[in-house]
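Novice: Okay, here's the prediction I keep looking at, along with the sequence it came from:
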Amino acid sequence: MGTRVGKGASNERLHRLRQGAAGSGYDGAAPRCRCRDDVRANVMMGRAVRLVIGILALVGAGTLVVAAWLMSQGISARTEPGPRETAVARRLRAMAIPASARNERNPISSSAEAIHQGMEHFADHCAICHANDGSGDTEMGRGMYPRAPDMRQAATQSLSDGELYYIIQNGVRLTGMPAWGSGGEHDAEDNWRLVHFIRHLPKLTDQERDAMKALNPKSHEEFRQEEDERRFLEGEASKPNAAPAPHTHGHGGETK
Ligand code: HEC
């Protein structure tokens, strides 16, 4: 062929290619293919490297934005979480609850007795943050980030029984909500009764709320004062001991 370049030459090469000349001594087609593969591999590698660098740059920029936001906000729990942050956090929490848990049904049927037992339990363990009426309006509930929610509202009442139970059992990470499913004093049945009581919260009566007050945990000081008053009323002592003023922190933190 020499330097001949023309239609005849290209036809000849095409013919050989069609015949599958690879391996038959023809050394034109095979190296050409390998070369194309190499080029393609190089292009892909280049894209992958650019993608990784892009992702790293995005992560870096995101970290800087979050760090700048945290520094501008500080780490105080005083600020009220914004509606968007609350919506995102609740969405993430919902996604983290397995579907099997969400669809679980309350094995304890609802009855006045089950609600009453749930109520006693709630007054003893939960009201310190959630308040007896479930409003979350307590010194601790108001001071948390996120706040203890008003459980009488639709946002809580629209959760399934399974979701409520899962939250009580496992708590919510990075919030003040503890896990109560240790298998100890709080067993599964107690927690399912608490679910019945949470459903009852929007209908809680004043009498029930007053009955709960008597079950709220008391500080040593409150207990002593009440004992003194009781003895005084029963005529055991001339007047209540001049007990030191109860330790209130002056924040008006009373469990409703
Ligand atoms: C130390 C404070 C604290 C105690 C005690 C506490 N909780 Fe909570 N609870 C929280 C906070 C804070 C949240 C909000 C968590 C969030 O935003 O994901 C919460 C959320 C919940 C929720 C989810 C409601 C919703 O709509 O987000 C349920 C149900 C719940 N608590 C039940 C209970 C029960 C039942 C008890 C007692 C056995 C209890 N909690 C004790 C602080 C507390």
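Specialist: Now that the structure is in, tell me what you want to look at.

Novice: Tell me which helix or strand F223 sits in.
Specialist: Counting by DSSP states H and E, the element that carries F223 is helix 220-233.

Novice: could you give the mean pLDDT of that helix?
Specialist: In this model, helix 220-233 has an average pLDDT of 85.

Novice: And it, what's buried?
Specialist: Using 16 or more other C-beta atoms under 10 Å as the test for burial, helix 220-233 gives 224-225, 228. Quick note: C-beta positions are derived from backbone N, CA and C, even for glycine.

Novice: Turn the residues you listed into a markdown table, including distance to the ligand.
Specialist: Listed next are the buried residues of helix 220-233 as a markdown table, based on distance: C-beta to the nearest ligand atom, whole Å:
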| residue | distance to the ligand |
| --- | --- |
| R224 | 24 |
| Q225 | 24 |
| D228 | 29 |
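
Novice: Tell me the confidence at T79?
Specialist: On pLDDT, T79 comes in at 88.

Novice: what is the mean pLDDT for the longest helix seen in the chain?
Specialist: Longest helix in the chain, counting residues (DSSP state H): helix 29-73. Helix 29-73 shows a mean pLDDT of 86.

Novice: could you check whether the following helix or strand past that helix is close to the ligand?
Specialist: Scanning forward in sequence from helix 29-73 by DSSP H and E, the next helix or strand is helix 83-96. Yes. Helix 83-96 lies within reach of the ligand by C-beta under 6 Å from any ligand atom, at R93.

Novice: Show me what from this structure comes close to the ligand.
Specialist: Residues of the chain found near the ligand (C-beta under 6 Å from any ligand atom) are 93, 125-126, 128-130, 140, 144, 146, 148-149, 151, 155-156, 164, 167-168, 172, 175-178, 180, 194, 198.

Novice: Give me the subset of the residues you listed that lies in helices.
Specialist: When DSSP H is applied, the residues of the chain next to the ligand are split such that 93, 125, 128-130, 140, 155-156, 164, 167-168, 194, 198 fall in helices.

Novice: Tell me the buried residues in whichever strand or helix holds H116?
Specialist: Here H116 sits within helix 112-125, counting by DSSP H and E. For helix 112-125, a neighbour-count test (16+ other C-beta under 10 Å) marks 114-123, 125 as buried.

Novice: ditto for stretch 174-193
Specialist: Of the residues in stretch 174-193, 176-177, 180-181, 186, 190-193 count as buried by neighbour count, 16+ other C-beta under 10 Å.

Novice: just to revisit the earlier point, between the ones in helices among the residues of the chain next to the ligand, which sits nearest G62?
Specialist: G62 lies nearest to R93 out of these, by C-beta to C-beta, at 21.3 Å.
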